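K.L.:
No sequence on hand, only this structure:
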């Protein structure tokens, strides 16, 4: 949640960029189905003024994290215009120190490089 405003700013800075966010709070507990998270998610997205697509994942969070080969959030996947994964930002191995990666220091510069390649 701390880095989410960076995603919003990234979309604002690069309007041709397609950003999506995925809520992975669902742990498979039948007493808290995925749709039970909707009110909190909508409130957060509204507060953040996020204007891109958002998904509330219906798969258990552990399965989702295994799919993206990560142990914890946040995870940022950056795909190039050809649809190929160009970089995955995560901090499972402390690559970015205890604080982790940030949009300002890590994600945005990389996206800027991709945008420059396209020009």
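P.N.:
Perfect, I can see it now. No experiment lies behind these values; they were computed from the predicted model shown.
K.L.:
where's the residue lying closest to residue 100 once chain neighbours are set aside, which helix or strand?
P.N.:
Spatially, and ignoring its direct neighbours in sequence, residue 100 is nearest to residue 91 (4.0 Å; Cβ to Cβ, 6 or more residues apart in numbering). (Each C-beta comes from the backbone N, C-alpha and C, glycine too.) Using DSSP states H and E, residue 91 maps to neither a helix nor a strand.
K.L.:
Surely residue 91 and residue 102 touch.
P.N.:
No: using Cβ atoms under 8 Å, residue 91 is not in contact with residue 102, being 10.3 Å away.
K.L.:
and the two? which has more neighbours close in?
P.N.:
Neighbours were counted for residue 91 and for residue 102 using other Cβ atoms under 10 Å; residue 91 has more, 19 against 15.
K.L.:
ok, that one - contacts?
P.N.:
72, 97, 100, 101 (Cβ atoms under 8 Å, 6 or more residues apart in numbering).
K.L.:
Only whichever of those are buried, select them in PyMOL.
P.N.:
The PyMOL selection below is limited to those of the contacts of residue 91 classed as buried (16 or more other Cβ atoms under 10 Å):
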select buried, resi 100+101
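K.L.:
Nearest residue to residue 32 in space, please, no chain neighbours.
P.N.:
residue 26 (7.3 Å).
K.L.:
Over to residue 54?
P.N.:
Using Cβ to Cβ, 6+ apart, the closest residue to residue 54 is residue 21 (4.9 Å).
K.L.:
The helix or strand where that neighbour lies packs against which elements?
P.N.:
Secondary structure assignment for residue 21, by DSSP H and E: strand 20-23. With contacts taken as 3 or more Cβ pairs under 8 Å, 6 or more residues apart in numbering; DSSP states H and E, strand 20-23 sits against strand 53-56.
K.L.:
buried stuff in the strand it packs on?
P.N.:
Neighbour-count burial for strand 53-56 [16+ other Cβ under 10 Å]: residue 56.
K.L.:
repeat for stretch 55-69
P.N.:
Under 16+ other Cβ under 10 Å, the buried positions of stretch 55-69 are 56, 61, 64, 65.
K.L.:
what about the closest residue to the second one other than its chain neighbours, neighbour count?
P.N.:
Spatial nearest neighbour of residue 61, excluding adjacent residues (Cβ to Cβ, 6+ apart): residue 24 at 4.4 Å. Residues contacting residue 24 under the criterion other Cβ under 10 Å number 21.
K.L.:
Noted, bye for now.
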